[in-house]
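Asker: Sequence below, structure please.
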Amino acid sequence: MTTPSRPFAYLCLALSMALVGSYVALSKPLAAVLPVFLLAWMRFGIGGLAMVHWLRKPANEPPLTPQTKRLLFLESFLGNFMFTICMLYGVTLTDAISAGVTLAAIPAAVAVMGWAFLKERVAPRTWAAVVCAVFGIALFALSKPELAAHAGQAVDGKNSHNLVWLGQLLLVGAVLCEAAYTVIGKKLTGSLGPKRITSLINLWGFVLTTPAGLYVALGFDFGAVGWSTWALLVFYALAACMWTVWLWMTGLKAVPAAQGGVFSVLLPVSAALVGVLALGESLTGLQLVAFVIALASVLLATLPSRAALRLGRRG
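Answerer: Residues are numbered from 1 along each chain as shown. Okay, here's the model as predicted:
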């Protein structure tokens, strides 16, 4: 299990989040055709079939300790299962703007958790990058004109019965789950390779979603699903379960959790770009400003420090 170079690790983290944003934008038709739990169950099933050979224990890997097994379960339970539930129902009880602003706190939550649980020292420049990331994502969420038009409607009707607070609480839970996913993933990379981590947490995801997925599948009309939807489902499953997770775990092997968390800003950036290039959407001036701030956070987090440059010159 070799540790990748910093530039390659940064590239993996960037590609992972960019790919997440891409399949989030392109998977909207899936959510319109397939129920959430059925979609999640089939996603893990397809991903598991694609990387069943990754489950095999490498000869140089140490035996799984009870702590590692617990971490693998928590990685899947919090990062896959609970994040999806908190996110979906949180948006249902509030609105998309609240979700975007709240989820902007993910880089900060990762930095705090990395400091608290991994004893990572977070450099001042990384904190500055985290602030830029949070501000950039929040500004982007607030700048969506189509969301602003419906923000008042989202909390009417059934959401007005004192449930908005619950929705906001669920969104905070989604932030904590996603931050825990990064921190636990960083911990796991110390003893397991990226492929093993990816396959094992996917297996847990399949186990966790099987009861609800099977229940929904028994009453679902699969014949009504078109071939284009099945093709999109295969891409979604491979991207969500296999490619993005492997890239993320590979990057975390060489990068501190706080620094890796900053790369989450590339998710809304890539999702918006796919919307513009593939779905015919448009960008406002304020959204472009938000993107510049978000990308500046990545530069702050990844540019080598003066000390590193001095060491490089000496070498």
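Asker: okay, CA-based contacts and neighbour counts for the rest of this
Answerer: Will do.
Asker: Give me the neighbour count for V225.
Answerer: 12 (other Cα atoms under 10 Å).
Asker: Was I right to think it contacts A32?
Answerer: No. Counting by Cα atoms under 8 Å, V225 sits too far from A32 to count as a contact (10.9 Å).
Asker: how far away is I184 from A296?
Answerer: I184 is 26 Å from A296, where distance means Cα to Cα, to the nearest Å.
Asker: who's more crowded, these two?
Answerer: Between I184 and A296, counted using other Cα under 10 Å, the more crowded position is I184 (24 against 17).
Asker: How much space separates that one from T68?
Answerer: Counting by Cα to Cα, the gap from I184 to T68 is 10 Å.
Asker: One more: V172?
Answerer: 26 Å.
Asker: ok, those two, which is more surrounded?
Answerer: Counted by other Cα under 10 Å, V172 and T68 do not tie: V172 has more neighbours, with 20 against 16.
Asker: confidence score at that one?
Answerer: At V172, the model reports a pLDDT of 89.
Asker: ok, and the closest non-adjacent residue to it?
Answerer: Nearest residue to V172 in three dimensions, chain neighbours excluded: T102, at 6.7 Å (Cα to Cα, 6 or more residues apart in numbering).
Asker: Repeat that for T182.
Answerer: A257 (6.4 Å).
Asker: what's the neighbour count on the one you found?
Answerer: Neighbour number of A257 under other Cα under 10 Å is 28.
Asker: what do you get for P63?
Answerer: With other Cα under 10 Å as criterion, P63 counts 11.
Asker: What of L277?
Answerer: Residue neighbour count, defined by other Cα under 10 Å, stands at 10 for L277.
Asker: Grab the CA positions of the helix or strand harbouring it and hand them over as CSV.
Answerer: Remark: L277 resides in helix 266-279, with elements defined by DSSP states H and E. Provided in CSV are the C-alpha atoms of helix 266-279 (Å, rounded to 0.1, in the frame of the first residue of the first chain):
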residue,chain,number,x,y,z
LEU,A,266,-15.9,21.2,-6.4
LEU,A,267,-19.2,19.3,-6.0
PRO,A,268,-21.5,22.2,-6.6
VAL,A,269,-19.1,23.7,-9.2
SER,A,270,-19.1,20.6,-11.3
ALA,A,271,-22.8,20.0,-10.9
ALA,A,272,-23.5,23.5,-12.1
LEU,A,273,-21.1,23.2,-15.1
VAL,A,274,-22.8,19.9,-16.1
GLY,A,275,-26.2,21.7,-15.8
VAL,A,276,-24.9,24.5,-18.2
LEU,A,277,-23.1,22.2,-20.7
ALA,A,278,-25.5,19.2,-20.8
LEU,A,279,-28.9,20.4,-19.4
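Asker: For the remainder of this discussion, apply numbering that starts at 27.
Answerer: With 27 as the first residue, the last one maps to helix 292-305.
Asker: Return the set of buried residues in the helix or strand just after that helix.
Answerer: Heading C-terminal from helix 292-305, the first helix or strand you meet, by DSSP H and E, is helix 311-328. Going by neighbour count (16 or more other Cα atoms under 10 Å), the buried part of helix 311-328 is 313, 316-317, 319-324, 326-328.
Asker: By pLDDT, rank the residues you listed and give me the bottom one.
Answerer: Among those, Q313 has the lowest pLDDT, at 78.
Asker: Let me know whether it touches L165 as I believe.
Answerer: Yes. Between Q313 and L165 there is a contact under Cα under 8 Å: 7.4 Å.
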